[in-house]
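**Q** below are the sequence and a predicted model; questions follow.
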Amino acid sequence: MGKAFKLATFNCNSVRSRMHIIGPWLSRHRPDALCLQETKAKTEDFPELLFSELGYNVACCGLSGHAGVAIVSPHKIGKVSFGLVSEPHDEDRLVEAVVEGVTIVNTYVPQGREVEDEWFAYKLEWFKRLGRHFDEKYTPRKRLAWVGDFNVAPEQRDVYAPEKLLDHVDFHPEARAALGRLRNWGFVDVFRVHNDEAGQYSYYDYRAKDPIGKGTGWRVDHIYATKSLANKSTAAYIDLEPRRAEKPSDHTFVIAEFEL
DNA sequence: ATGGTCGGCAACCGA
């Protein structure tokens, strides 16, 4: 029997306005690492004290009121670094660190706006540059977790209407192919090791009415792991609590458990 | 079929 390791990810859409969800959730679930995206707080404005009161250390980067990423952990957060190795670094979209011997890369992949928009090209390029980032820093044999808001639903069963969403930047064939190339670098979708069903979503648009009831969701938040780490996973699941909470969030928690 | 809601930040833009 190894050492239990619980890893979670949450696009919080402003960490400061989501502490009513994050605080109690950390106390109840006590993950070994929680990766946050869209913290929407400059580094100096991150509510680090609220996390330290819960016994959590913080590694975060925010450059403005948009994007922003963080890793929080009750353990030592080692070898912290921000941004892609190539320019533009986008330090507020990638934080990586080592926690309990596991290397964690937490990304908030650019959403891309519209397929015709130059930002969609930027998104595809971002995946390519992330591939080079992995090439330069790691090997697929390493115990590595890549987690976060990838802004891509990989498969048909990961969106509510695959036929009609092909032109959406989060389900466009080119976006899925870009993610697929990275998966082929050496990652396993840990959620799919433990769950086969369609309709397991990590994101529901604020603007839709009764999206959970209607099932109009997307699975765009992911926990990927190299084989050596994925082999040690014992469970993976989505926790819808943030979407059901008072003052809800549009994304949910995605959690994976390991026995290291 | 279009528009729907949030958060940051103080007018809209981005998701």
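**A** Cool, got the structure.

**Q** for the stretch 51-200 of chain A, which residue gets nearest to DNA strand B?
**A** Per C-beta to the nearest atom of the strand, A:G65 is where the stretch 51-200 of chain A lies closest to DNA strand B, at 2.3 Å. Just so you know, the C-beta spots here come from the backbone N, C-alpha and C atoms, and that holds for glycine as well.

**Q** so what's the closest residue to that residue other than its chain neighbours up against?
**A** In this structure, A:G65 finds its nearest non-sequential neighbour in A:K40, 5.5 Å apart by C-beta to C-beta, 6 or more residues apart in numbering. Going by C-beta atoms under 8 Å, 6 or more residues apart in numbering, A:K40 touches A:13-16, A:62, A:65-68.

**Q** are any of these buried, and which?
**A** Neighbour-count burial (16 or more other C-beta atoms under 10 Å) is assigned, among the contacts of A:K40, to A:13, A:15, A:62, A:67-68.

**Q** as JSON lines, the residues you listed with secondary structure would be great.
**A** Below are the buried ones among the contacts of A:K40 laid out as JSON lines (DSSP: H, G, I helix; E, B strand; the rest coil):
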{"residue": "A:N13", "secondary structure": "coil"}
{"residue": "A:V15", "secondary structure": "coil"}
{"residue": "A:G62", "secondary structure": "coil"}
{"residue": "A:A67", "secondary structure": "coil"}
{"residue": "A:G68", "secondary structure": "coil"}
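
**Q** of all those, which two lie farthest apart?
**A** A:N13 and A:G62 (13.2 Å; C-beta to C-beta).

**Q** A:C61 touches A:F82, doesn't it?
**A** Yes. Between A:C61 and A:F82 there is a contact under C-beta atoms under 8 Å: 4.4 Å.

**Q** neighbour-wise, which of the two wins?
**A** A:C61 (23 against 19; other C-beta atoms under 10 Å).

**Q** quick one: pLDDT of the more buried one?
**A** The model reports A:C61 with a pLDDT of 98.

**Q** so what's it up against?
**A** Here A:C61 is in contact with A:43, A:68-70, A:82-83, A:91-92, A:95 (criterion: C-beta under 8 Å, 6+ apart).

**Q** returning to that earlier point: anything in contact with each of A:C61 and A:F82?
**A** In contact with both A:C61 and A:F82: A:69, A:91-92, A:95, using C-beta under 8 Å, 6+ apart.

**Q** please list only the buried members of those.
**A** A:69, A:91-92, A:95.

**Q** from one end of stretch A:24-33 to the other, what's the distance?
**A** 15 Å (C-alpha to C-alpha, to the nearest Å).

**Q** list the buried residues for that stretch?
**A** Residues A:25-26, A:31-33 are the ones in stretch A:24-33 that count as buried (16+ other C-beta under 10 Å).

**Q** tell me which stretches of chain A form helices.
**A** A:19-29, A:48-53, A:118-137, A:173-186, A:190-194, A:211-214, A:227-230, A:241-244 (DSSP state H).

**Q** what's the longest one packed up against?
**A** Applying 3 or more C-beta pairs under 8 Å, 6 or more residues apart in numbering; DSSP states H and E, one finds that helix A:118-137 contacts strand A:94-99, helix A:173-186.

**Q** if we go to 10 Å?
**A** Helix A:118-137 is packed against strand A:94-99, strand A:102-108, strand A:144-149, helix A:173-186, with contacts defined by 3 or more C-beta pairs under 10 Å, 6 or more residues apart in numbering; DSSP states H and E.

**Q** picking up where we left off before, A:E118: which of the contacts of A:C61 is nearest?
**A** Distances from A:E118 to those, taken by C-beta to C-beta, are shortest for A:D92, at 19.4 Å.
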